[in-house]
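Q: predicted coordinates and the sequence they were generated for:
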Amino acid sequence: MTCSWQWQHPMKPVRINEDVFHNLRLKDYQMERKFDGFRILAVSENSGIKLWTRHRRVLKAPPSLLKELRSMGLPAGTVLDGEIWSAKKRGGWETTDDKECRVTFWDCVHTGHNLLTKAPIEERRDALHSLLGNGCDRVRIVNIMDATSKNLKTVRKEAVRVRTEGNARSGFIHGVVLKRKGSPRRDHPNRSVAHPDWLKIVFWP
């Protein structure tokens with residue numbers, strides 16, 4: 001990689017069940033929808049943009065998607081955390097220029113010469129919105145909601161509807177992720193480590 005960022009394996013959320021969720025101090029967390037995608041780090045270099053897996057492998061992404069990412073004008077040195085998915089087939093982006101392939105981002109790791117891993121999540125989200133704005137058709141930012149039992153029920157209903165009515169094979173809403181307000185990232189130089197600042201509930205195995 002030619003950007004100034006030094007590789008760190010992205011942190012992972014700890015999986016919990018709903019009983020644990022209801023016993024949490026929920027006002028300490030923000031909540032996001034969890035999509036059934038494939039974890040990526042998007043790294044912008046002088047030579048272009050590459051998508052890396054959390055195991056430090058370059059992902060073969062659809063050329064049309066990479067072109068759309070380049071059109072966002074991300075400065076060299078930008079590193080975004082998110083996932084890639086396609087409603088057609090999980091992993092289909094590696095074998096065809098899948099026009100239905102999307103990327104969704106939820107965090108900004110590095111921008112320009114600024115490492116943001118120790119910054120609070122709110123500051124990193126602000127940086128993400130500054131870089132991507134409202135996104136575009138195939139590049140989106142995951143929305144934040146209050147961590148409440150009501151919102152969890154709403155997301156579950158939405159997930160069931162999308163998966164059953166849409167007959168989605170990938171990219172459907174898979175659960176929720178809670179992230180502790182004010183928390184830094186907990187990335188690791190050697191492996192992806194689960195940390196309880198991020199918690200996930202998965203609706204389906």
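A: Ah, there it is. Residues are numbered from 1 along each chain as shown.

Q: what about stretch 129-149, how long is it end to end?
A: End-to-end span of stretch 129-149 (CA to CA, to the nearest Å): 27 Å.

Q: how far is that stretch from where the chain is centred?
A: 10 Å (CA atoms, centre = their mean, to the nearest Å).

Q: quick one: average pLDDT of that stretch?
A: Taken as a whole, stretch 129-149 has a mean pLDDT of 93.

Q: give the buried residues for it.
A: Neighbour-count burial for stretch 129-149, with 16 or more other CB atoms under 10 Å as criterion, is recorded at Leu131, Leu132, Gly135, Arg138, Val139, Arg140, Ile141, Val142, Met145, Ala147. The way it works is simple: take the backbone N, C-alpha and C, and place the C-beta from them, glycine included.

Q: and the residues you listed, which two are furthest apart?
A: Arg138 and Ala147 (28.2 Å; CB to CB).

Q: surely Met31 meets Asn143?
A: No. With contact defined as CB atoms under 8 Å, Met31 does not reach Asn143; the gap is 9.7 Å.

Q: okay, now the nearest residue to Ala119 once chain neighbours are set aside: neighbour count?
A: Computed as CB to CB, 6 or more residues apart in numbering, the closest residue to Ala119 that is not its neighbour in sequence is Pro184, at 6.6 Å. With neighbours defined by other CB atoms under 10 Å, the count for Pro184 comes to 17.

Q: now stretch 77-90: mean pLDDT?
A: Stretch 77-90 comes out at a mean pLDDT of 84.

Q: which residues of the chain score low on pLDDT?
A: Along the chain, the model assigns pLDDT under 70 to residues 1-4, 87-99, 166-171, 205.

Q: show me where it has its strands.
A: 12-15, 29-35, 38-45, 48-52, 79-86, 101-111, 114-115, 139-141, 144-146, 173-180, 194-202 (DSSP state E).

Q: tell me which of these lies nearest to Lys157.
A: Across the strands of the chain, closest to Lys157 is strand 173-180 (CB to CB), at 10.0 Å.

Q: hmm, what's the outermost residue in the chain?
A: Asn23 (25.6 Å; CA atoms, centre = their mean).

Q: nearest residue to the middle of this protein?
A: Central residue of the chain (CA atoms, centre = their mean): Gly82, at 2.4 Å.

Q: make sure that residue is actually in contact with Asp107.
A: Yes. In this structure Gly82 lies within contact range of Asp107 using CB under 8 Å: 7.4 Å.

Q: any buried residues in stretch 194-205, and which?
A: Buried residues in stretch 194-205, counting neighbours by 16+ other CB under 10 Å, are found at His195, Asp197, Trp198, Leu199, Lys200, Ile201, Phe203.

Q: who's the first one bridged to?
A: Here His195 shows beta-bridge partners Pro13, assigned using DSSP bridges.

Q: got the contact list for it?
A: Counting by CB atoms under 8 Å, 6 or more residues apart in numbering, His195 touches Met11, Lys12, Pro13, Val14, Arg186.

Q: most neighbours, which of these?
A: Going by other CB under 10 Å, Met11 tops these with 22 neighbours.
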